[in-house]
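**Student:** the following comprises the amino acid sequence and a computationally predicted model.
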Amino acid sequence: MIDVAIYGYTASAIAFLVLSALLASAWRGRQEGGLLLLASSLSILWSVVAVFQATEGFVSSVYLFAAELLRDIAWLIFLMVIVAKARQKSFPKPILWIIALSAVIISVVLGIATFINEAQSQGDGFRLQVFVFLALALCGLILVEQIFRNTSIEARWAVKYLCLGLGGVFAFDFYMYADALLLNTLDQDIWGARGYINTLIMPLIAVSAARNPQWSLDVFVSRHFVFYSSTLIASGLYLMAMAAGGYYIRHVGGDWGELGQLVFFFGAILILLVVIFSGQMRARLRVFLNKHFFNYRYDYREEWLRVIQSLSEAQLDSNLKTTVISVMAKIVESPGGMLWLKQDDAVYQIEASWNMPDNVSCRQDENAELVDFLARRKWVVDVDQLNDDPAAYQHLNLPRWMCNIPDVWLVVPLIIGAEVALSSSGGGAPSSAILGFVVLRRPRAKMLVNWEVRDLLLMTGRQCAGYLALLKANEDLVDARQFEAFNRLSAYVVHDLKNLIAQLSLIVSNAERHKDNPVFINDAFTTVENTVSKMNYMLRQLRKGKSHGEDKNNIELNEVLAGVVKRHSKGEPAPEFISTDADLRIIANESRFSAVIGHLIQNAQEATDASGFVRVSIRREDNHALVLIQDNGCGMSKDFIRTRLFRPFDTTKGNAGMGIGVYESREFIRDIGGQLDVHSEPGKGTTFFIRLKTHSDNDGQQRAMGASI
């Protein structure tokens with residue numbers, strides 16, 4: 001029995017050590033918190049002294065008496081302060097010092113008296129000790145009763161575990177010392193059980209401390225820890241009970257005892273596994289623990305991290321919609337749900353479903369009343385509460401499709417931003433914009449939907465609405481980019497058509513004067529043939545959805561540049577071509593490259609008077625070819641070059657220009673691995689620098705040989 005007592009008081013010392021560590025780390029200097037920490041620390045001292053006394057083989061000594069007296073007085077002072085707070089009265093600090101000093105004096109006096117009468121276990125010292133502790137236990141019970149009585153019904157959940165724990169300790173002490181007074185001796189079995197009794201009350205005190213923020217205590221007990229610990233303890237108790245049952249079966253079963261025991265054990269373990277992996281049982285246990293052991297139902301830090309992680313890990317595609325449903329369903333242990341989102345025509349349609357039917361059909365305006373209610377009230381609609389008390393929801397009529405689904409439980413609005421509704425008087429009143437709503441199924445375990453659940457669902461709905469709005473914006477951006485690409489390609493085609501029309505217009509304007517000239521007729525047919533070829537090329541580009549970059553081949557720059565200069569020689573000033581190096585080759589589409597150079601030459605001619613010059617020159621620089629297009633025309637400012645020259649659809653030619661020529665030229669040169677730069681000064685002219693990487697047949701042969709090796 002002594003060993004059992006040692007283990008019990010050791011467990012008590014460890015339990016109060018853990019409690020004291022939690023209280024000390026979270027104490028914010030308030031009176032109640034300091035007294036609770038003091039009482040817990042003295043309980044450690046008392047438990048350690050009791051362990052020492054048990055190892056020595058006796059249960060009474062002056063040291064144990066003093067330690068227990070200090071512990072009891074500390075708990076009584078703490079309870080008196082709680083009573084004073086419950087009665088809305090302040091407890092003066094000088095009285096605390098008087099009580100503490102009196103406790104020390106009483107401990108010394110009674111300790112000396114006990115030490116004198118130590119040898120006479122039935123003498124006056126023992127009786128005095130029993131009377132003192134009986135009085136302290138009775139005072140403790142009275143204070144616990146006063147705390148519970150003076151606490152409002154709404155606030156009793158915060159102190160009930162403290163009252164149960166300390167009330168149980170003082171009641172057990174009263175029983176032990178009353179028994180000692182009647183029998184004139186202290187029962188060692190009862191004394192040995194005190195360690196276990198004090199160990200059991202520690203969690204109750206910790207829960208009460210966590211539920212009373214006015215004590216300046218922030219005791220944190222992980223919900224996962226409590227959940228899995230409770231599951232483990234319950235499983236252990238179940239296995240112990242099954243072990244006792246198996247032993248009984250084997251004992252009374254005779255010849256069939258061993259067989260029956262094996263079958264019983266297998267069935268018991270199978271049932272335990274089924275219960276452990278049952279989602280309904282786990283949900284019931286989680287609801288029970290959150291309801292009875294925590295002041296808030298949710299660990300908001302953990303919940304918010306889970307929501308953000310789930311949403312951030314989801315891709316911006318249709319899977320995000322299912323993720324939104326599962327994120328919100330997990331908050332209330334719901335096994336499924338559906339997502340309804342607003343369409344472009346302001347109609348709400350089902351977009352995703354999770355463990356609920358997705359073949360729901362409804363009229364165009366069937367959800368209007370529900371959406372209007374969600375926008376005005378920003379409420380989570382509880383269908384059960386709506387059926388029981390329609391007035392609380394302004395007699396809201398749910399859509400017919402929702403009434404036809406028996407498992408519908410909650411409707412959570414997805415609120416995004418705010419929009420302004422104009423009133424008849426011309427003023428604007430802000431109202432929430434409802435992006436959609438989530439419909440959730442009934443949970444596995446019955447759950448009370450209180451303000452905490454509603455607030456968390458609403459905030460999660462806002463977060464989910466932001467992600468869904470981002471998904472919608474992303475989808476719209478993809479569509480806009482496709483239209484932009486098509487529009488840009490159309491602009492390129494229109495730009496090229498403008499040039500072709502200019503060539504054909506030149507033929508038409510000169511046809512009356514030169515229609516009998518064979519040279520003109522040949523040039524006209526050549527121009528028309530070239531125009532048809534270019535238009536067929538543009539049609540191919542439209543079919544492929546690309547503006548350039550196809551049919552690249554090895555072209556010789558001198559030949560191409562000379563041909564472009566010749567075609568623009570009829571304009572003024574006529575361009576001149578200067579080449580210092582021969583056999584400069586690049587890989588590019590010849591038609592597109594000629595159009596780019598021709599456009600730059602034409603721009604130079606339009607910016608230069610007839611008396612000026614336009615020069616196209618080319619030279620070699622290492623393994624690059626440098627093409628320069630120079631003029632001494634009006635020039636451009638640095639600000640114009642930086643902000644407008646390369647901006648698409650920005651033109652200085654009015655309706656005559658498209659504003660994409662220079663931009664398209666730069667993009668094409670970049671596409672073939674080149675670089676386009678420009679230097680210009682107002683009134684002095686402009687120079688375009690085109691740097692292109694040269695190519696030779698030897699380069700292709702070397703690459704082919706390297707690939708074969």
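**Tutor:** In hand now; what should we look at?

**Student:** double-check that H599 belongs to a helix.
**Tutor:** Yes - under DSSP: H, G, I helix; E, B strand; the rest coil, H599 sits within a helix.

**Student:** I'd say L316 and A469 touch.
**Tutor:** No - with the criterion set as C-beta atoms under 8 Å, L316 and A469 do not qualify as a contacting pair; they are 11.3 Å apart. Heads up, the C-betas are built off the backbone N, CA and C, glycines and all.

**Student:** looking at these two, which is more packed in?
**Tutor:** A side-by-side neighbour count of L316 and A469, using other C-beta atoms under 10 Å, places A469 first with 17 against 14.

**Student:** what about the more buried one, which SS state?
**Tutor:** A469 falls in the helix class when you classify it by three-state DSSP.

**Student:** nearest residue to it other than its sequence neighbours?
**Tutor:** Distance criterion C-beta to C-beta, 6 or more residues apart in numbering; nearest residue to A469, sequence neighbours excluded, is I416 at 5.2 Å.

**Student:** dump the residue contacts of the nearest residue to Y393 once chain neighbours are set aside.
**Tutor:** Closest residue to Y393 apart from its sequence neighbours, by C-beta to C-beta, 6+ apart: L386 at 4.9 Å. Taking C-beta atoms under 8 Å, 6 or more residues apart in numbering as the contact definition, L386 lies against A392, Y393, L396, L398.

**Student:** need the residues you listed in CSV with distance to C464 and secondary structure, can you?
**Tutor:** Putting the contacts of L386 into CSV (distance: C-beta to C-beta, whole Å; DSSP: H, G, I helix; E, B strand; the rest coil) gives the following:
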residue, distance to C464, secondary structure
A392, 25, helix
Y393, 23, helix
L396, 23, coil
L398, 22, coil
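
**Student:** give me the buried entries from those residues.
**Tutor:** Neighbour counting with 16 or more other C-beta atoms under 10 Å marks Y393, L396, L398 as buried within the contacts of L386.

**Student:** how close does the last one sit to V449?
**Tutor:** The one in question is L398. Counting by C-beta to C-beta, to the nearest Å, the gap between L398 and V449 amounts to 16 Å.

**Student:** for the residue nearest the centre of the chain, give me the pLDDT.
**Tutor:** Per C-alpha atoms, centre = their mean, the C-alpha nearest to the average position across the chain is that of I308, at 0.7 Å. Here, the pLDDT recorded for I308 equals 85.

**Student:** can you list the buried residues in whichever strand or helix holds M338?
**Tutor:** Assignment of secondary structure by DSSP states H and E places M338 within strand 337-342. Neighbour counts over strand 337-342 (16+ other C-beta under 10 Å) mark G337, M338, L339, W340, L341, K342 as buried.

**Student:** list the pairing partners of it within its sheet, with orientation.
**Tutor:** Note on strand 337-342: by DSSP bridges, its sheet partners are strand 348-354 (antiparallel), strand 428-441 (antiparallel).

**Student:** from R666, how far off is G673?
**Tutor:** Remark: distance between G673 and R666 (C-beta to C-beta) = 13 Å.

**Student:** more crowded one of those two?
**Tutor:** Set side by side, G673 and R666 show unequal neighbour counts under other C-beta under 10 Å, the larger going to R666 at 20 against 14.

**Student:** any stretches of the stretch 301-450 of the chain with poor pLDDT?
**Tutor:** In the predicted model of the stretch 301-450 of the chain, residues 345, 418-432, 445 satisfy pLDDT under 70.

**Student:** now the helices for it?
**Tutor:** Taking DSSP state H, counting those that start in this stretch as the criterion, the stretch 301-450 of the chain carries its helices at 319-331, 368-377, 383-388, 400-403.

**Student:** need the winner for burial among these.
**Tutor:** Of all the helices of the stretch 301-450 of the chain, helix 319-331 carries the top mean neighbour count, a mean of 20, counting by mean count of other C-beta atoms under 10 Å.

**Student:** so which elements touch that helix?
**Tutor:** Counting contacts by 3 or more C-beta pairs under 8 Å, 6 or more residues apart in numbering; DSSP states H and E, helix 319-331 is packed against helix 300-313, strand 337-342, strand 348-354, strand 428-441, helix 451-514.

**Student:** most packed of these?
**Tutor:** With neighbours taken as mean count of other C-beta under 10 Å, those reach their highest mean count in strand 337-342, at a mean of 24.

**Student:** number of residues surrounding M538?
**Tutor:** M538 is flanked by 18 other residues according to other C-beta under 10 Å.

**Student:** and it, which helix or strand is it part of?
**Tutor:** Element membership for M538 (DSSP H and E) is helix 518-544.

**Student:** past whichever strand or helix holds S12, which element shows up next along the chain?
**Tutor:** Using DSSP H and E, S12 sits within helix 2-26. Per DSSP H and E, helix 2-26 leads on to helix 31-56 as the next helix or strand towards the C-terminus.

**Student:** for that following helix, packing partners?
**Tutor:** For helix 31-56, the contact count by 3+ C-beta pairs under 8 Å, 6+ apart identifies helix 2-26, helix 62-86, helix 188-210 as packing neighbours.

**Student:** now find how far off-centre that helix is within its chain.
**Tutor:** The chain centre lies 44 Å from the centre of helix 31-56; the measure is C-alpha atoms, centre = their mean, to the nearest Å.

**Student:** so that helix versus helix 188-210, what angle?
**Tutor:** Here the directions of helix 31-56 and helix 188-210 differ by 160 degrees (axes from the mean of the first three to the mean of the last three C-alpha atoms, to 10 degrees).

**Student:** helix 31-56 vs helix 2-26, what angle?
**Tutor:** 160 degrees.

**Student:** starting at the chain centroid, how far to the helix holding S12?
**Tutor:** Averaging C-alpha positions (C-alpha atoms, centre = their mean) puts helix 2-26 39 Å from its chain's average.

**Student:** where in the stretch 451-600 of the chain is pLDDT low?
**Tutor:** Where the stretch 451-600 of the chain drops to pLDDT under 70, the residues are 479, 482-496, 541-551.
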